[in-house]
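Q: Give me the fold of what follows.
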Amino acid sequence: MNEADCALICKALGDETRISIFNLIKDGEMCACAILERFNFTQPTLSYHMKILVDSGLVTYKKVGKWRHYIVNKKVYKEFLAYISAK
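A: Predicted coordinates for the structure are as follows:
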């Protein structure tokens, strides 16, 4: 992990909504529809937040039918924690 990667993750987690989403999915895969049920915003808003999390590398997804199932990229998450702990 380098400083640019770390900065992207910090940006992704620099919003309380994205932190809430991250905490929701950090223990396992979750469908976008299930995430939407937990928040009071629209699907386009969820897509916006998920794009930032995915672009950071912290979250990945797989398509199942018309839905995306999101999961934390544990390898990137561990690298991020190690990087910030070492600095």
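Q: where's the closest residue to Leu13 other than its chain neighbours, which helix or strand?
A: Spatial nearest neighbour of Leu13, excluding adjacent residues (Cβ to Cβ, 6 or more residues apart in numbering): Ile19 at 5.6 Å. For the C-beta atoms, the positions are set from N, CA and C on the backbone; glycine is no exception. Using DSSP states H and E, Ile19 sits within helix 16-25.
Q: what's next to that helix, contact-wise?
A: For helix 16-25, contacts defined as Cβ atoms under 8 Å, 6 or more residues apart in numbering pick out 12-13, 30, 35, 38-39, 41, 46, 49-50, 52-53, 58-59, 70-72.
Q: Report all helices and strands that the host helix or strand of Glu37 contacts.
A: Secondary structure from DSSP H and E places Glu37 in helix 32-38. Here helix 32-38 touches helix 16-25, helix 43-55, strand 67-72, going by 3 or more Cβ pairs under 8 Å, 6 or more residues apart in numbering; DSSP states H and E.
Q: I'd like these as JSON lines, with mean neighbour count and mean pLDDT appended.
A: Putting the helices and strands packed on helix 32-38 into JSON lines (neighbours: other Cβ atoms under 10 Å; pLDDT from 0 to 100) gives the following:
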{"stretch": "helix 16-25", "mean neighbour count": "15", "mean pLDDT": "96"}
{"stretch": "helix 43-55", "mean neighbour count": "15", "mean pLDDT": "96"}
{"stretch": "strand 67-72", "mean neighbour count": "18", "mean pLDDT": "95"}
